[in-house]
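S.K.: Pasting the sequence and the predicted coordinates here, then a few questions.
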Amino acid sequence: MKTAIATVSIAGDLSEKLAAIAAAGFDGVEIFENDFLAYDGSPRDVGQMVRDHGLEISLFQPFRDFEGMPEPQRARAFDRAERKFDLMGELGADLVLVCSNVSPASLGGIDRAAGDFHELGERAARHGIRVGYEALAWGRHVNDHRDAWEVVRRADHASVGLILDSFHTLARKIDPDTIRSIPGDWIFFVQLADAPKIDMDLLYWSRHFRNMPGEGDLDVPGFMRAVAATGYDGTLSLEIFNDQFRGGSPKFISVDGHRSLVYLMDQVRRSEPDIRIECADMPDRIAVSGVEFVEFAADEEEAAQIADLLRMLGFTRERRHVSKDVDLWRQGGINIVINTEREGFAHASHVVHGMNVCDIGLKVENAAATVLRAQALDAEPFDQPVGPGELKIPAIRGLGGGLIHFIDEQSDLARVWDIEFRPLSAQKPAAGVGLKRIDHVAQTMNYEEMLTSLLFYTSIFKTRKTPMVDVVDPAGLVRSQAIENETGTLRITLNGADNRRTLAGHFIAERFGSAVQHLAFETDDIFATVEALSANGFRPLEISANYYDDLAARFDLEQSFVDRLETAGILYDRDGQGEYFQIYSPGFGEGFFFEIVERRGGYGGYGAANAQFRIAAQKRHMRPRGMPKR
Ligand SMILES: O=C(O)c1ccc(O)c(O)c1
Ligand SMILES: [Mg+2]
């Protein structure tokens with residue numbers, strides 16, 4: 001199936017838009033009339049520019065307030081149409097979208113509209129042009145695709161067909177399966193958009209909050225399955241009105257768009273096996289069974305600081321790389337790698353970002369298949385020459401400049417620590433403090449990057465997104481959303497900062513981009529862990545006494561229990577399933593920190609209710625440079 005995107009969906013002038021759209025791999029564009037009007041070039045030049053980018057003009061739109069007009073507006077509407085047909089001839093566009101009339105002057109009546117469309121079809125045909133009719137969700141008389149289809153059916157003209165737009169159908173909660181009875185030949189074009197579920201005026205919602213399929217909450221896959229069932233095999237086009245996208249990077253928004261379409265087609269193909277859908281073959285979404293390692297890029301001084309902290313947290317430096325300045329720190333099932341090499345990816349990453357998590361290893365069933373899927377979804381595979389005795393571990397570039405490596409059990413990859421690393425036998429193993437595994441990896445980014453991340457992770461991996469929650473930093477709002485798998489063995493939290501004064505925003509600004517800001521380790525007994533930590537000289541972040549007063553009131557807890565929490569510096573939360581306990585390390589570097597959590601009884605969240613108090617405490621403890629005083 002061919003893919004397209006409306007020029008209105010991304011930022012830039014027309015030529016910038018086209019360059020980004022072509023680079024992202026689309027076949028065509030919808031030329032939004034205003035983008036053309038604003039451009040300083042003749043229709044022929046624009047048509048040529050589109051074709052020079054290897055694109056086709058899939059649609060010209062919108063033509064407004066056409067059907068059902070009384071005279072003299074009716075005659076004028078036909079005159080307007082003739083002028084646009086001439087323009088389309090010069091552009092080299094042969095399909096125009098007519099959206100349902102919103103004018104208070106328009107008259108209702110399916111037959112009246114059908115009659116107008118029949119005549120429009122006659123005129124369009126003389127220009128070799130076809131006309132598609134789309135029901136706007138807020139159209140005055142026609143605001144439902146079923147009515148638009150009835151108009152088209154009665155217009156009974158080979159040059160007049162239907163245009164479907166997932167937003168208009170789904171926003172009005174019209175059952176998309178009603179599309180299945182429309183003959184695919186009469187569907188001239190399909191526009192796709194998702195949107196977050198927000199209760200608001202339809203027009204405002206549509207013009208400002210649409211997003212890419214998979215980024216919102218609408219059942220775009222259900223809509224697309226119904227479209228596919230009609231036999232429609234024309235272009236699938238994104239028409240995304242979104243304030244943020246209009247101000248975003250044309251390049252990145254286009255890539256997100258292309259990824260969303262490929263992912264959507266892959267989903268539809270899997271759920272409608274009887275329908276032939278032309279799309280790239282790829283492995284199904286990848287199940288991740290855990291985080292195998294997290295790697296830090298650091299210089300010697302920073303490495304010593306992390307080492308100090310890891311030692312206090314009960315980690316042991318167990319192994320060293322056979323040929324590189326790379327150490328493996330371990331506790332329970334947690335592998336932390338510290339890379340102080342002076343060349344290679346980690347070093348390059350350090351030069352740009354300073355001390356940072358430059359690489360994450362995920363456990364999957366088939367590492368090669370994972371890269372194949374990621375590549376099919378426009379992710380970039382990563383390769384660097386391997387040294388003697390090293391394994392070639394499949395990897396992709398993640399977002400924000402880091403890498404994601406994939407470890408599987410099918411090959412030697414699972415034995416990477418034995419093959420590439422030598423045990424440091426002289427090292428006395430630390431007793432440990434009961435940390436078992438990585439609970440979650442928390443990535444901080446600009447708010448505008450959250451949808452990109454969300455789509456990236458959910459399209460490649462078998463994961464789902466949790467609802468967005470607000471986290472209040474004294475300097476501004478940070479929005480937080482998690483990506484997780486069914487079993488909770490993969491949890492990635494995304495924190496989107498609006499400004500630089502928040503803890504999250506400061507971190508992004510100082511390290512030049514989004515990245516992992518904290519790692520949460522899981523223990524089975526937080527009180528025992530706190531005791532062991534204390535014996536190691538570790539002091540968790542101090543939380544205000546006011547917090548504990550409120551806790552007792554909020555959850556109706558025994559005072560003695562609250563006292564224990566307060567003494568240990570543990571934050572507490574509860575949901576319908578269970579309880580959550582959290583402690584934090586003070587921040588170091590530009591605000592990186594560790595968290596230790598215990599989940600009891602299937603608690604599913606991340607302690608969002610506590611985040612405000614944790615952030616305030618971290619801000620009190622922030623030191624301008626290096627490690628906090630101990
Ligand atoms: O918001 C609008 O006016 C508008 C115009 C054309 C479309 O295809 C559409 O879906 C919405
Ligand atoms: Mg539309």
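M.R.: Arrived safely, thanks for sending. Numbering: from 1, shown residues only. Ligands and ions are numbered 1, 2, ... in the order given.
S.K.: quick one, what contacts V371?
M.R.: Neighbouring residues of V371 by C-beta atoms under 8 Å, 6 or more residues apart in numbering: 381, 394-396, 406. Every residue, glycine included, has its C-beta placed from N, CA and C.
S.K.: That one sits in which helix or strand?
M.R.: helix 367-376 (DSSP states H and E).
S.K.: Please apply the same query to F613.
M.R.: With DSSP H and E as the test, F613 turns up in helix 608-621.
S.K.: From the contact counts, what lies against that helix?
M.R.: strand 469-473, strand 476-484, helix 503-510, strand 571-574, strand 579-584 (3 or more C-beta pairs under 8 Å, 6 or more residues apart in numbering; DSSP states H and E).
S.K.: Buried residues in the third one, which are they?
M.R.: It stands for helix 503-510. Buried residues in helix 503-510, defined by neighbour count with 16 or more other C-beta atoms under 10 Å: 503-508.
S.K.: before we move on, what about the last one?
M.R.: Of all the residues in strand 579-584, those buried under the rule 16+ other C-beta under 10 Å are 580-584.
S.K.: Just after that strand, pick out the following helix or strand.
M.R.: Past strand 579-584, the next helix or strand by DSSP H and E is strand 593-600.
S.K.: Can you tell me what sits against that next one?
M.R.: Taking C-beta under 8 Å, 6+ apart as the rule, strand 593-600 contacts 309, 313, 435, 439, 442, 517-526, 529, 533, 541, 578-587, 607, 618.
S.K.: May I have that strand as CSV, with CA atoms only?
M.R.: Taking Å, rounded to 0.1, in the frame of the first residue of the first chain, the C-alpha atoms of strand 593-600 are listed here in CSV:
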residue,chain,number,x,y,z
PHE,A,593,20.2,9.2,40.7
PHE,A,594,19.3,5.7,41.8
GLU,A,595,16.0,4.5,43.3
ILE,A,596,15.3,1.3,45.2
VAL,A,597,11.7,0.0,45.3
GLU,A,598,9.8,-2.9,46.7
ARG,A,599,6.4,-3.9,45.1
ARG,A,600,4.0,-5.9,47.3
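S.K.: Can you give me the domain boundaries for the protein?
M.R.: Using automatic domain parsing, the domain parsing of the chain gives 3-271, 288-423, 437-621.
S.K.: Can you add mean pLDDT and distance to ligand 1 and give those domains back as CSV?
M.R.: Shown next, in CSV, are these (pLDDT from 0 to 100; distance: least, C-beta to the nearest ligand atom, whole Å):
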stretch, mean pLDDT, distance to ligand 1
domain 3-271, 97, 4
domain 288-423, 94, 25
domain 437-621, 93, 20
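S.K.: Could you dump those domains into TSV and include distance to ligand 2?
M.R.: Shown next, in TSV, are the domains of the chain (distance: least, C-beta to the ion, whole Å):
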stretch	distance to ligand 2
domain 3-271	4
domain 288-423	24
domain 437-621	20
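S.K.: Tabulate those domains (TSV), appending distance to A430.
M.R.: Output for the domains of the chain, formatted as TSV (distance: least, C-beta to C-beta, whole Å):
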stretch	distance to A430
domain 3-271	43
domain 288-423	5
domain 437-621	8
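S.K.: Indicate which one of the helices and strands packed on helix 608-621 is closest to E301.
M.R.: helix 503-510 (16.8 Å; C-beta to C-beta).
S.K.: Confirm that F188 lies within a strand, as I assumed.
M.R.: Yes. Per DSSP: H, G, I helix; E, B strand; the rest coil, F188 lies within a strand segment.
S.K.: That one reaches L95, doesn't it?
M.R.: Yes. Contact criterion C-beta atoms under 8 Å: F188 and L95 qualify, at 6.2 Å.
S.K.: Overlap of the contact sets of these two?
M.R.: Joint contacts of F188 and L95 (C-beta under 8 Å, 6+ apart) are 130-132.
S.K.: For the buried ones among those, write the corresponding ChimeraX selection.
M.R.: Buried members of these, defined by 16+ other C-beta under 10 Å, are picked up in ChimeraX with:
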select :130,131,132
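S.K.: List just the nearest of the shared contacts of F188 and L95 to I31.
M.R.: Closest to I31, out of all of those and judged by C-beta to C-beta, is G132, at 14.1 Å.
S.K.: which SSE is that closest one in?
M.R.: G132 is part of strand 130-134 when elements are defined by DSSP H and E.
S.K.: and the direction of the next helix or strand along the chain from that strand versus that of strand 130-134, what angle?
M.R.: With elements assigned by DSSP H and E, the helix or strand that comes after strand 130-134 is helix 145-155. Angle between the axes of helix 145-155 and strand 130-134 is 150 degrees (criterion: axes from the mean of the first three to the mean of the last three C-alpha atoms, to 10 degrees).
S.K.: Run through who's touching helix 145-155.
M.R.: Outside helix 145-155, the residues touching it (C-beta under 8 Å, 6+ apart) are 67, 100, 110-111, 113-115, 117-118, 121, 133-135, 141-142, 160-164, 168-169, 174, 178-179, 182, 186.
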